[in-house]
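Q: Structure for the following, please:
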Amino acid sequence: MHTQPTFILVHGAFANSFSFAPLQAELALLGHRSVAVDLPGHGFEATSPASYQAPQDLDALATEPGGIKGVTLADNAARVIDVLERAKRNGPTVLVAHSRGGITTTAVANARPDLIDRIVYVSAWCPVELEVGGYYAQPEMADVDAGALTGALVGNPAELGLLRFNFRTADPTALTLLKQAFAADLTDDEFRTFLSTFQCDENLDAGTAADRVQATTWGRIPRTYVRLAADASVPPAVQDRMIREADALTPDNPFDVRTLAGSHLRWLVHPKPAAELLAGLAAL
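A: Sure thing, here's the model as predicted:
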């Protein structure tokens, strides 16, 4: 009798487990269990300053300490490994990463491939030949608007020891740039509702060359890459580049490549196609 896997869901930057709720509902209705992880300093562990509330005090927000300061990629990986160890007692595990969550997922797979039966990257960072920052200097990222987030930046990351963004801004230019980058195909209401689930702080540690995929560990895990065809923040060109690089590294274990329509966030707001895709992978 086939044992159903547990899907372990790893969020991206400034996000948390809350954004996976619609997807988890669809998975449950298809008969699948899932766990959405809050990385350290995320979800109810997040710092939510009073200055971030309305009316906002941006001067105070620019200097107020945040609990995510000092959180490392190793801390993120340890959190996911703990969840995987517990889930593995119930059968197979499928580790699903979105966006920046791919960095953590890669680190976990490098360290503990024994805990993972399949990795699924959904337009997620899978650094192979370069560190994540290095990909931003490549032609595949040339059309990405580097200023999409800067209009919402608050404070000095070097002084705060973290990244802080004001996702509650009412600035029309900042909101337009954010929507174009992450959710151009959502309604304004859907976009603003999703934005309200973001937290203002994110950690600075995106890994080093040592955290790129390793053929002897990560490379032996069955893997799927779900391309998001209209993603303007992690464009299909860079998604495809990471797939090619990974396949060249471990040609005997290439990516199973799938594609979903939509922007970086659409699959989370309208999750039925993604849930059906993941449910199909459960039988592999």
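
Q: in stretch 228-240, what's buried?
A: Neighbour counts over stretch 228-240 (16 or more other Cβ atoms under 10 Å) mark 228, 231, 232, 233, 234, 235, 236, 238, 239 as buried. (Glycine included, C-beta is placed from N, CA and C.)

Q: contact partners of it?
A: Stretch 228-240 is contacted from outside by 99, 122-125, 135, 138-141, 143-145, 148, 180-182, 184-185, 225, 227, 259-264, 266-267, using Cβ atoms under 8 Å, 6 or more residues apart in numbering.

Q: let's go with 7 Å and repeat that
A: 99, 122-123, 135, 140-141, 143-144, 180-182, 184-185, 225, 227, 259-264, 267 (Cβ atoms under 7 Å, 6 or more residues apart in numbering).

Q: And what about residue 199, helix, strand or coil?
A: With DSSP: H, G, I helix; E, B strand; the rest coil as the basis, the three-state label of residue 199 is coil.

Q: er, residue 59 actually
A: helix.

Q: which ones among the contacts of stretch 228-240 are found in strands?
A: Among the contacts of stretch 228-240, DSSP state E puts 122, 225, 227, 259, 260 in strands.

Q: Next, the buried residues of the top helix by length along the chain.
A: Identified as the longest helix of the chain according to DSSP state H is helix 73-88. Counting neighbours by 16+ other Cβ under 10 Å, one finds that the buried residues in helix 73-88 are 73, 75, 76, 77, 79, 80, 81, 83, 84, 87, 88.

Q: with these in mind, which one is nearest to residue 103?
A: Nearest to residue 103 among the buried residues of helix 73-88, counting by Cβ to Cβ, is residue 73 at 6.5 Å.

Q: Was I right to think the closest one contacts residue 212?
A: No: applying Cβ atoms under 7 Å, one finds residue 73 not in contact with residue 212, separated by 11.9 Å.

Q: Now distance to residue 47 and pLDDT too, for the ones in strands among the contacts of stretch 228-240, in a markdown table please.
A: Converted to a markdown table, these look like this (distance: Cβ to Cβ, whole Å; pLDDT from 0 to 100):
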| residue | distance to residue 47 | pLDDT |
| --- | --- | --- |
| 122 | 27 | 98 |
| 225 | 33 | 98 |
| 227 | 34 | 98 |
| 259 | 37 | 98 |
| 260 | 33 | 98 |
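
Q: Most neighbours among these, which one is it?
A: Counting neighbours by other Cβ atoms under 10 Å, residue 122 leads these with 30 neighbours.

Q: Leaving out chain neighbours, which residue sits closest to it?
A: Using Cβ to Cβ, 6 or more residues apart in numbering and skipping the chain neighbours, the partner closest in space to residue 122 is residue 226 (4.4 Å).

Q: wait, doesn't that neighbour sit right on residue 257?
A: No: counting by Cβ under 7 Å, residue 226 does not reach residue 257; the two are 8.1 Å apart.

Q: ok, those two, which is more surrounded?
A: Counted by other Cβ under 10 Å, residue 226 and residue 257 do not tie: residue 226 has more neighbours, with 24 against 14.

Q: which residues touch that one?
A: Listed by Cβ under 7 Å, 6+ apart, the contact set of residue 226 reads 120, 121, 122, 123, 258, 260, 277.

Q: closest to residue 59 among those?
A: For the contacts of residue 226, the nearest to residue 59 is residue 123 (35.7 Å; Cβ to Cβ).

Q: Model confidence for that closest one, exactly?
A: Looking at residue 123, its pLDDT reads 98.

Q: so how far is residue 231 from it?
A: Distance, residue 123 to residue 231, using Cβ to Cβ, to the nearest Å: 5 Å.

Q: Okay, residue 62 and residue 166: tell me how far apart.
A: Computed as Cβ to Cβ, the residue 62 to residue 166 distance reads 10 Å.
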